[in-house]
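[1] my questions concern the predicted model and sequence given below.
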Protein chains: 2
Amino acid sequence: MSESHRTTVSVKDVAAAAGVSVGTVSNVLNRPEKVSPATLDHVQATIARLGFVRNDAARQLRAGSNRSIGMIVLDIRNPFFTDVARGVEDRLTAHRRPLILGSSGQDASRESTYLDLFEQQRVSGLLITPVGKVLPRLRRLRERGTAVVVVDRRTGSREFSSVSVDDVRGGRLAGQHLAAVGRRRIAFVGGPADLTQVRHRLRGLQESVPADGSPVRHVETAAMDADAGRRAAESLLTLPAPERPDAIFGANDLVALGVLQALTLAGVRVPDDVAIVGYDDIDFAASAAIPLTSVRQPRDEMGAVATDLLLAAIDDPAARVRDIVLEPELVVRRSTGG
Amino acid sequence: MSESHRTTVSVKDVAAAAGVSVGTVSNVLNRPEKVSPATLDHVQATIARLGFVRNDAARQLRAGSNRSIGMIVLDIRNPFFTDVARGVEDRLTAHRRPLILGSSGQDASRESTYLDLFEQQRVSGLLITPVGKVLPRLRRLRERGTAVVVVDRRTGSREFSSVSVDDVRGGRLAGQHLAAVGRRRIAFVGGPADLTQVRHRLRGLQESVPADGSPVRHVETAAMDADAGRRAAESLLTLPAPERPDAIFGANDLVALGVLQALTLAGVRVPDDVAIVGYDDIDFAASAAIPLTSVRQPRDEMGAVATDLLLAAIDDPAARVRDIVLEPELVVRRSTGG
DNA sequence: CGTCGTGATTGAAAGGATTCAATCAGCCGA
DNA sequence: TCGGCTGATTGAATCCTTTCAATCACGACG
């Protein structure tokens, strides 16, 4: 059947074995319709027999660019980002383009390493949720012909297309809902405060707090994971009873789930004593033993829309820069009495 | 400062601008100690000024192989796999090797597409949790000089190194614990049954079931996500009371969390009426409102060990094939009365 | 029977970084 | 002052695929 190769097989070897020229082999690979049926068969058989596999490096070198798309997310352990990535991957698969996924873990130097890699690889497009000050690098990439789309952020400058969700609106949805179910002492858990997302969600919440309620209490956290939520909830539990919140809005679902756990452990009834709202609506929000009310971000859609923008920019580098802002949606579940 | 480039800058351009030969530029890039300090400075300055970035395709073409490592996981949405991937990535970062991560989603054709990609890219190593019948392809990859390590599986044939966890033992740990807390009617939820993991965990459970208990009831599922767990739990709730299990062992944490949710919604008390044990010990297991007892797999360690094996095989292709089997560990929490 | 046209095939050139044998410059010691 | 040595630098060859102008073969048509 197949033979054993110490050395790798090239088009030249295939050509020699099949008794045709390298040009013909290349045509078989890339423009089979230009090749006579007999030759096509014969060459394809030879390729299979020798186990020839295209060398992508050489192909790219000639082509000048790579078909792959690079993506840098904040945290691959947050299901929110893996869901977005899934949306991207699904869309790319349809276009036969591979996705190279990197996670910066909120670390600017790691982000920079991935940018180096993608730049050297000459990826044809980049999807990024930026951490550090990367604007100059993004500009350079674009000058080189790499399309760039910012995900889950807006750049401010109108230089790069972006896809994001209206976080102020999301905060408002949460606040209005909590007000509607009669909550008057609302706390917000999340941080660090210099994250745009955190600020916007908080602002939306504040705007919609009932007139007869206390002002929003912000418990700032260093990270956005369950552990941070747990600790924040414990600190809230030490407050004298009249000051204790009757509702907590977590800046994302991981935080909210941590809050939920700490409260349940402490014997606080959810939602009777304290209502909880999360953000993102990851699958685990619905799977929690007390299903979590959450502000849903259209994760798949974000991935899909970002991919479409990117592919459009690759096809036509002069395509208009667009900031697409998607709408969040409130999903009511048991944690607020749904 | 920086100039604007329509066309890309090559070593030749740098050489011309710096007034040296391409060989010297290459030396500056790869063997700076061979270059005189003055030249080094000058060339580096020129590189910065022109914004030169190495073309990786050309570099690889010459070098014959790529520094990157490919990884194919079963499901990027399962935190278990992203945790393993993190372990891999951390280790690789230390060796300045990029990781290209793909998710097969349990789909053999998607797995095959990633294998094609990695083969064409000439990655220097591959980490894979196989789905389809890929042994012949893995052999071919190795013949071509790509190191291969199987993750979270054993190959059976002693051809490729692997890192896995003793699943029979894990099942036994769960069974012994449930027996110790007095459970006698145990159900196992997971599937499909042709997954080795599922079979092994079930077997371990059966081996340790108390002599005076009923035989294990296996509710087979089509997938291993929360939704499957939810549906399985609902079907168990339709059983007549005396047949209802007093303990449920989920084949992974996603399934167990789904079970937990369905039971809680139905008013079944956990752990009083039914105890629940999961598998993997993902972070969400501890974060669940009723924290989940789970059989812990050392996820970071699996990633790290697999990476070490892979790097060793890359350095020395004749390195001995090793099957490393790690030990699982029971983490007791509230869902079994901990 | 010669010419033209069509479709198939050819083969050399290009793409950019790396390598290494060859060359060069400069200095020391004789 | 010159041969010899060392360290620095050079530049042509190489890696493999793709492209495209040129060539070829063959049948149809005038």
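    Yep, it's here.

[2] list of residues touching the helix or strand of chain A with the lowest mean pLDDT?
    In chain A, no helix or strand scores lower on mean pLDDT, DSSP states H and E than helix A:283-287, which sits at a mean of 86. If you take Cβ atoms under 8 Å, 6 or more residues apart in numbering or on different chains as the criterion, helix A:283-287 is touched by A:79, A:253, A:256-257, A:278, A:291-292, A:294, A:331, A:333, B:77, B:225-226, B:254, B:257-258, B:261, B:284. C-betas here are computed from N, CA, C, even on glycine.

[3] figure out how far that helix is from the centre of its chain.
    In terms of Cα atoms, centre = their mean, to the nearest Å, the centre of helix A:283-287 is found 18 Å from the chain centre.

[4] so residue A:8 sits against residue B:144, correct?
    Yes. With contacts counted by Cβ atoms under 8 Å, residue A:8 reaches residue B:144, the gap being 6.2 Å.

[5] show me the strands in chain A, by range?
    Using DSSP state E, the strands found in chain A span residues A:69-73, A:99-103, A:125-128, A:147-151, A:161-165, A:186-190, A:217-220, A:247-250, A:275-280, A:293-296, A:323-326, A:329-331.

[6] which positions in the last one come out as buried?
    Read that as strand A:329-331. For strand A:329-331, the neighbour count (16 or more other Cβ atoms under 10 Å in any protein chain shown) marks A:330-331 as buried.

[7] that strand packs against which elements?
    Other helices and strands packing on strand A:329-331, by 3 or more Cβ pairs under 8 Å, 6 or more residues apart in numbering or on different chains; DSSP states H and E, are helix A:167-180, strand A:293-296.

[8] quick check: neighbours of that strand in the sheet, parallel or antiparallel?
    strand A:293-296 (antiparallel) (DSSP bridges).

[9] which of the contacts of helix A:283-287 are buried?
    Buried, going by 16+ other Cβ under 10 Å: A:79, A:253, A:256-257, A:278, A:291-292, A:294, A:331, A:333, B:77, B:225-226, B:254, B:257-258, B:261, B:284, out of these.

[10] separation between residue A:182 and residue A:219?
    Counting by Cβ to Cβ, to the nearest Å, the gap from residue A:182 to residue A:219 is 22 Å.

[11] check residue A:181 too.
    For residue A:181, the distance to residue A:219 equals 21 Å [Cβ to Cβ].

[12] which of those two has more residues huddled nearby?
    Neighbours were counted for residue A:181 and for residue A:219 using other Cβ atoms under 10 Å in any protein chain shown; residue A:219 has more, 21 against 16.

[13] if we can go back for a sec, keep only those of the buried ones among the contacts of helix A:283-287 that are in helices.
    A:79, A:253, A:256-257, B:226, B:254, B:257-258, B:261, B:284 (DSSP state H).

[14] any idea how many residues pack against the nearest residue to residue A:146 once chain neighbours are set aside?
    Leaving aside its sequence neighbours, residue A:146 sits nearest to residue A:126 (Cβ to Cβ, 6 or more residues apart in numbering or on different chains; 5.8 Å). The number of residues packed around residue A:126, counting by other Cβ under 10 Å, is 25.

[15] circling back to that earlier point, and the strands of chain A as JSON lines, adding mean pLDDT?
    Shown next, in JSON lines, are the strands of chain A (pLDDT from 0 to 100):
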{"stretch": "strand A:69-73", "mean pLDDT": "96"}
{"stretch": "strand A:99-103", "mean pLDDT": "90"}
{"stretch": "strand A:125-128", "mean pLDDT": "97"}
{"stretch": "strand A:147-151", "mean pLDDT": "97"}
{"stretch": "strand A:161-165", "mean pLDDT": "97"}
{"stretch": "strand A:186-190", "mean pLDDT": "97"}
{"stretch": "strand A:217-220", "mean pLDDT": "97"}
{"stretch": "strand A:247-250", "mean pLDDT": "98"}
{"stretch": "strand A:275-280", "mean pLDDT": "98"}
{"stretch": "strand A:293-296", "mean pLDDT": "98"}
{"stretch": "strand A:323-326", "mean pLDDT": "96"}
{"stretch": "strand A:329-331", "mean pLDDT": "98"}
